[in-house]
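A.B. asks: Okay, sequence plus prediction incoming.
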Amino acid sequence: MRAPLQLYQISMATSSRFSSVIQLTDLDDFITPSQECIKPAKTQNARQVTSSGSAKIQIGDDGTYSQLDKEGRPEKLQKAQITLNDCLACSGCITSAESVLIGQQNHMEFLKLCKDIQLSSPSRSFDKVVVGLSCQPILSFANKFQIPPEDARAKLSALFRQLGAVKVFDVESFSDLCLVECGQDFVHRYREQSTNSTSIPVLASACPGWICYAEKTHGNWILPHLSEVKSPQQIAGVLVKDVLPNELQTSASRLAVVMIMPCFDKKLEASRSDFFREDQQSKDVDFVITPVEIEQILEELAIEFVDLGSSQIDSLNGVADTAWSVPSGSGSGGYAEHVLRFAAKELYGMTLEHVKFQPLKNSDIREAFVEKDGEQVLSVAIVNGFRNIQNLVQKMKRKKRTYDYVEIMACPSGCLNGGAQLRTESTETKALAANMEALHSKLEHRQIDEVRVNKLNHVWLGKASPEEHLNKLRTSYHAVQKSTNALTVKW
């Protein structure tokens, strides 16, 4: 294994860059937090007042603003800053302002974190770093550099170990816990629909872009339909911070959990106040880094991806398999397929050998059904892209029967085509999505294995009470009240 990189030799002054691939063109969505941002800045009412009874502001030659005190001495004023939490609590945008997303969890902040830990800086926020790899970014690197996915996975593991990560693990190893919980949540709601008809269809909640849209645009009306199960990212975060600190001889608040994800909205998810642990005084996931930011890291460190060595993924407490496999189903996590299989077994005693999703005229909508005695008893769908999501929601509002369960992802073609995945100049979006689907289809796919799930439960949730179990695997969502503000009006 290579020695850790000497990050203190790296200039940390490079400004963060934003890849235009995540800008949505079909919706008036991502905005720059300028005059269009309606979030009020919280300021201290501590200004100095001159003898004339008013504060005086002067603008320097460099464009900075200063306030004059009683003696006429200038005091530099700080810029108003907007945080990710501000964006989550504000109804001004559908999701969030792009520069806020990038500015607070970017590759330079991550490199600074690694540098501070390597140098044992007294001002460091963390003592150790662990990194979780998700499937889609791995496939993104495999596609761009035309190497087998297993090689791309091993190279990413090697990169983060060089940067100082003490553990590099597979987020997919936590997907089984998520999928089992999704199946149980759906079956419970399906059985209760005679007394609570507003809970069907159940809408998957793993996509934070979709969740922000639902909370801010549709509010209380749609919340009962949202699955309460956390995404694999957040389940991994909460469980890793519960278990690993003892092994690594640190505390949860001093252990940085970094997730490698296919889109910037995953940063929003990690920043939700629901995922801050008061007892640990830490977030479940501290950083989310994306493929386009990893490319920037490689450029910053003058490393060629193909020249990286190989490093195995850590087997956390013997749970994760060294042989890489992903849940069967879509490239976004396989939620719809698993729920259909689980529900057919639990509700109707049927074991589904094969599940085939039929695309509609729009390939970003696919559906599958279960029939018993010639009657359709279960229906699920995969709906990708905001335009299709809007159509689905409108049908629900008109009380038109849609499906029992819907796997929803904001990005067209789902997470394999996430907004922060790597693009190549010569490949069109549809061709790129097709390439990613082909790579994903060649991976080893697994169905939920009871022995594996029991082992996961024993290692990660063995001592948890039923209430603690729910707290670790489930969450809640909140309607964001609309703000009435003249700045939201487009003249």
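C.D. replies: Structure received. Residues are numbered from 1 along each chain as shown.
A.B. asks: Contacts only, for residue 157.
C.D. replies: Counting by Cβ atoms under 8 Å, 6 or more residues apart in numbering, residue 157 touches 133, 168, 310-313. Quick note: C-beta positions are derived from backbone N, CA and C, even for glycine.
A.B. asks: partners of the longest strand belonging to the chain in the sheet?
C.D. replies: Ranked by residue count and defined by DSSP state E, the top strand of the chain is strand 375-384. Here strand 375-384 is paired, per DSSP bridges, with strand 365-372 (antiparallel), strand 405-409 (parallel).
A.B. asks: Figure out which of these is closest to residue 218.
C.D. replies: For the strands paired with strand 375-384, distance to residue 218 was read as Cβ to Cβ. The smallest value, 12.5 Å, belongs to strand 405-409.
A.B. asks: how far away is the closest residue to residue 303 other than its chain neighbours from residue 107?
C.D. replies: Leaving out its chain neighbours, the residue that sits closest to residue 303 by Cβ to Cβ, 6 or more residues apart in numbering is residue 159, at 7.4 Å. Distance, residue 159 to residue 107, using Cβ to Cβ, to the nearest Å: 12 Å.
A.B. asks: got any residues that touch both of those two?
C.D. replies: Joint contacts of residue 159 and residue 107 (Cβ under 8 Å, 6+ apart) are 294, 297.
A.B. asks: still on that earlier bit, so for residue 469, which of the strands paired with strand 375-384 sits nearest?
C.D. replies: Of these, nearest to residue 469 by Cβ to Cβ is strand 405-409, at 22.0 Å.
A.B. asks: now that closest one: mean pLDDT?
C.D. replies: What strand 405-409 shows for mean pLDDT is 97.
A.B. asks: cool, and stretch 352-369?
C.D. replies: 92.
A.B. asks: Repeat that for stretch 373-384.
C.D. replies: On average, stretch 373-384 scores 95.
A.B. asks: circling back to that earlier point, how distant is the helix or strand where the residue nearest to residue 303 lies from the center of its chain?
C.D. replies: Per DSSP states H and E: residue 159 is located in helix 149-162. Taking the mean of its C-alpha atoms, helix 149-162 sits 20 Å from the chain's own mean (Cα atoms, centre = their mean, to the nearest Å).
A.B. asks: thinking again about what came up before, could you identify the most distant pair in the contacts of residue 157?
C.D. replies: Farthest pair in the contacts of residue 157, by Cβ to Cβ: 133 and 310, 13.6 Å.
A.B. asks: ok, the two, which is more surrounded?
C.D. replies: Neighbours were counted for residue 133 and for residue 310 using other Cβ atoms under 10 Å; residue 133 has more, 23 against 12.
A.B. asks: Leaving aside the residues adjacent along the chain, what's closest to that one?
C.D. replies: In space, residue 133 is closest to residue 260, 5.0 Å off (Cβ to Cβ, 6+ apart).
A.B. asks: Moving C-terminal from the helix holding residue 159, which element do we reach first?
C.D. replies: strand 167-170.
A.B. asks: name the helices or strands packed onto that following strand?
C.D. replies: Using 3 or more Cβ pairs under 8 Å, 6 or more residues apart in numbering; DSSP states H and E, the elements in contact with strand 167-170 are strand 128-133, helix 149-162, helix 232-248.
A.B. asks: Now with 7 Å, please.
C.D. replies: strand 128-133, helix 149-162 (3 or more Cβ pairs under 7 Å, 6 or more residues apart in numbering; DSSP states H and E).
A.B. asks: Buried deepest among the ones you listed, which one?
C.D. replies: A comparison of the helices and strands packed on strand 167-170 by mean neighbour count, using mean count of other Cβ atoms under 10 Å, puts strand 128-133 on top with a mean of 23.
A.B. asks: quick one: whichever helix or strand comes after it to helix 232-248, angle?
C.D. replies: Scanning forward in sequence from strand 128-133 by DSSP H and E, the next helix or strand is helix 135-145. When axes from the mean of the first three to the mean of the last three Cα atoms, to 10 degrees is applied, the directions of helix 135-145 and helix 232-248 differ by 100 degrees.
A.B. asks: Quick one: distance of helix 135-145 to the chain centre.
C.D. replies: The answer for helix 135-145 is 17 Å, by Cα atoms, centre = their mean.
A.B. asks: Just the buried positions in it, please.
C.D. replies: Neighbour counts over helix 135-145 (16 or more other Cβ atoms under 10 Å) mark 135-144 as buried.
A.B. asks: Might you list the low-confidence residue ranges for the chain?
C.D. replies: For the chain, the stretches with pLDDT under 70 are 1-58, 60-65, 77-104, 196-198, 317-322, 427, 482-491.
A.B. asks: secondary structure class for residue 342?
C.D. replies: helix (DSSP: H, G, I helix; E, B strand; the rest coil).
A.B. asks: follow-up on the earlier one: make TSV out of the helices and strands packed on strand 167-170 and add distance to residue 178.
C.D. replies: Converted to TSV, the helices and strands packed on strand 167-170 look like this (distance: least, Cβ to Cβ, whole Å):
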stretch	distance to residue 178
strand 128-133	13
helix 149-162	20
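A.B. asks: what's the closest of these to residue 220?
C.D. replies: strand 128-133 (33.2 Å).
A.B. asks: Verify the stated contact: residue 411 with residue 419.
C.D. replies: Yes. Contact criterion Cβ atoms under 7 Å: residue 411 and residue 419 qualify, at 6.1 Å.
A.B. asks: Overlap of the contact sets of those two?
C.D. replies: residue 263 (Cβ atoms under 7 Å, 6 or more residues apart in numbering).
A.B. asks: Comparing those two, which residue is more hemmed in?
C.D. replies: residue 411 (26 against 22).
A.B. asks: Pull the contacting residues for that one.
C.D. replies: Contacts of residue 411 by Cβ under 7 Å, 6+ apart are 263, 384, 417-419.
A.B. asks: mind checking the SS state of it?
C.D. replies: Strictly by three-state DSSP, residue 411 counts as coil.
A.B. asks: next helix or strand past the strand or helix carrying residue 191?
C.D. replies: Assigned by DSSP H and E, residue 191 belongs to helix 175-192. Toward the C-terminus, helix 175-192 is succeeded by strand 202-203 as the next helix or strand (DSSP H and E).
A.B. asks: any idea which helix or strand comes after that next one?
C.D. replies: helix 208-213.
A.B. asks: and that following helix, how far from the chain's centre?
C.D. replies: 10 Å.
A.B. asks: Packing partners of that helix?
C.D. replies: Using 3+ Cβ pairs under 7 Å, 6+ apart, the elements in contact with helix 208-213 are helix 265-270.
A.B. asks: Let me see the contact set for the closest residue to residue 384 other than its chain neighbours.
C.D. replies: Once flanking residues are discounted, residue 384 sits nearest to residue 364: 4.1 Å by Cβ to Cβ, 6+ apart. Residues near residue 364 by Cβ under 7 Å, 6+ apart: 384-385, 388, 412-413.
A.B. asks: Residue 67 against residue 76, yeah?
C.D. replies: No. Residue 67 lies out of contact with residue 76 (Cβ under 7 Å); the separation is 8.1 Å.
A.B. asks: Looking at those two now, which is surrounded by more residues?
C.D. replies: residue 67 (15 against 9).
A.B. asks: Helix, strand, or coil at the more buried one?
C.D. replies: Per three-state DSSP, residue 67 ends up strand.
A.B. asks: Skip the chain neighbours and tell me the closest residue to it.
C.D. replies: When the adjacent residues along the chain are set aside, residue 67 lies closest to residue 75, with 5.0 Å between them (Cβ to Cβ, 6+ apart).
A.B. asks: Provide the strand pairings for the helix or strand hosting the one you found, with the direction of each partner.
C.D. replies: Using DSSP H and E, residue 75 sits within strand 74-76. Sheet partners assigned to strand 74-76 using DSSP bridges are listed as strand 65-68 (antiparallel).
A.B. asks: Right, I'll call it a day here.
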